[in-house]
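> Model the following, please.
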Amino acid sequence: MADRAARVLAERAAAVASVEIVSVSSPEDAAETVGMFSSVWGKGRGADPSTLQAIAHAGNPVLLARRDGDVLGALFSFIGWDDGLHVHSHMTAVGPVLRSAGVGFALKLAQRAECLENGITEVRWTYDPLIRRNARFNLWKLGAVVSAFRPDFYGVLDDAVNGTDRSDRFEVSWRLDAPGAIDALAGRPTRPMRSTRPDDVALPEDFEAVRRDDPATAAALRESSRDLFARSIRVGTTVRFTGTGYVFDRAEAATHQEETR
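Okay, here's the model as predicted:
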């Protein structure tokens with residue numbers, strides 16, 4: 001029943017975004033997927049078409065969002081089993097003009113439905129913790145939770161989005177059938193009130209613009225945030241997005257252990 005409800009929700013999201021979500025099933029589909037990734041990150045970024053075709057053929061969620069024959073978004077993910085069976089969602093691309101049009105949401109809900117239909121209840125991925133719109137989408141819109149901080153996770157990517165910036169990432173866990181995720185997908189995310197506590201880490205409104213227009217300021221923010229994230233995130237820590245930044249609620253046990261060392 002849960003997987004059927006997930007499919008209905010995914011179909012509804014696709015209808016709202018006016019797209020058709022399809023699974024990659026041919027070399028032509030794989031080439032279009034690579035083309036979508038290249039349009040966002042630069043030519044040659046991501047897996048090549050033959051690798052994507054093989055990954056999709058093996059049953060992994062590799063999806064395209066189409067409208068009237070045009071590709072508007074793409075998603076590439078694969079099975080992982082470190083610390084439990086899950087799907088790792090490696091790349092999701094939507095053109096900048098369409099980021100608020102629901103295309104990315106439709107792709108993620110189609111991925112969720114496909115996973116649940118095949119007995120997978122967790123999806124993981126990484127995102128740049130300094131990009132506020134990604135935090136809002138991942139933590140509020142989808143109901144994923146931060147599980148780890150990965151400093152300079154990919155090294156220097158040197159692509160059209162990241163340039164030579166350090167690739168610090170939050171890793172998130174999206175428990176597909178968890179109450180928090182179900183509430184978020186129904187438009188009822190848990191949003192802490194900013195008035196109850198100031199942000200431990202405040203985010204610029206548009207870090208990507210800062211990185212483009214003022215690289216020195218962006219680099220300084222990256223360095224200072226890395227130190228804060230590394231010190232603040234421990235096992236058991238809850239990371240909450242406030243709308244303008246993050247607050248960190250550390251587990252009592254972890255705090256007590258640290259204080260008694």
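> State the mean pLDDT of the longest strand seen in the chain.
Criterion DSSP state E: the longest strand present in the chain is strand 70-80. The predicted model assigns strand 70-80 a mean pLDDT of 95.
> hey, where'd the helices end up in the protein?
2-17, 27-41, 49-57, 103-117, 132-135, 179-185, 207-213, 215-232, 252-259 (DSSP state H).
> which residues touch residue 129?
Going by C-beta atoms under 8 Å, 6 or more residues apart in numbering, residue 129 touches 135, 149, 168-170, 225, 229, 246. From N, CA and C alone the C-beta is placed, and that goes for glycine too.
> try residue 159
Residue 159 sits in contact with 41-42, 45, where contact means C-beta under 8 Å, 6+ apart.
> Same question for residue 130.
168, 203-204, 207, 221-222, 225.
> Sheet partners, orientation included, of the longest strand of the chain?
The pairing partners recorded for strand 70-80 under DSSP bridges are strand 62-67 (antiparallel), strand 86-94 (antiparallel).
> Using CSV, write down the CA coordinates of it.
Only the C-alpha atoms of strand 70-80 are listed here, as CSV (Å, rounded to 0.1, in the frame of the first residue of the first chain):
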residue,chain,number,x,y,z
ASP,A,70,12.4,18.4,-24.3
VAL,A,71,14.5,17.2,-21.4
LEU,A,72,14.1,19.5,-18.4
GLY,A,73,15.8,17.5,-15.7
ALA,A,74,17.7,14.3,-14.9
LEU,A,75,18.6,12.1,-11.9
PHE,A,76,21.3,9.5,-11.5
SER,A,77,21.4,7.1,-8.6
PHE,A,78,22.6,3.6,-7.7
ILE,A,79,22.4,0.9,-4.9
GLY,A,80,24.7,1.1,-1.9
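> how far out from the middle of the chain is it?
12 Å (C-alpha atoms, centre = their mean, to the nearest Å).
> same check, this time on stretch 177-191
16 Å.
> Using neighbour counts, pick out the buried residues of that stretch.
178, 180-182, 184-185, 189 (16 or more other C-beta atoms under 10 Å).
> and if you look at stretch 96-113?
98, 101-113.
> Just send the contacts of residue 130 back as TSV, with neighbour count, pLDDT and distance to residue 62 too.
Listed next are those as TSV, based on neighbours: other C-beta atoms under 10 Å; pLDDT from 0 to 100; distance: C-beta to C-beta, whole Å:
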residue	neighbour count	pLDDT	distance to residue 62
168	21	94	27
203	22	95	31
204	17	95	33
207	22	95	29
221	19	94	34
222	19	94	31
225	20	94	32
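> Is it possible to get TSV of the residues you listed that adds distance to residue 73?
Formatted as TSV, these follow (distance: C-beta to C-beta, whole Å):
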residue	distance to residue 73
168	25
203	24
204	25
207	22
221	29
222	27
225	28
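> Just flag the most distant two among these.
Distances among those were taken as C-beta to C-beta; the most separated pair is 168 and 204, at 14.6 Å.
> what's the domain layout of the protein?
1-120, 121-261 (automatic domain parsing).
> out of these, deepest packed?
Per residue and on average, the most neighbours among those fall to domain 1-120, with a mean of 18 (mean count of other C-beta atoms under 10 Å).
> do you know how far the closest residue to residue 181 other than its chain neighbours is from residue 184?
Closest residue to residue 181 in three dimensions, ignoring its sequence neighbours and counting by C-beta to C-beta, 6 or more residues apart in numbering: residue 143, at 3.6 Å. In this view, residue 143 and residue 184 are 3 Å apart by C-beta to C-beta, to the nearest Å.
> Could you do residue 124 as well?
Taken as C-beta to C-beta, the span from residue 124 to residue 184 is 16 Å.
> what does residue 151 give?
27 Å.
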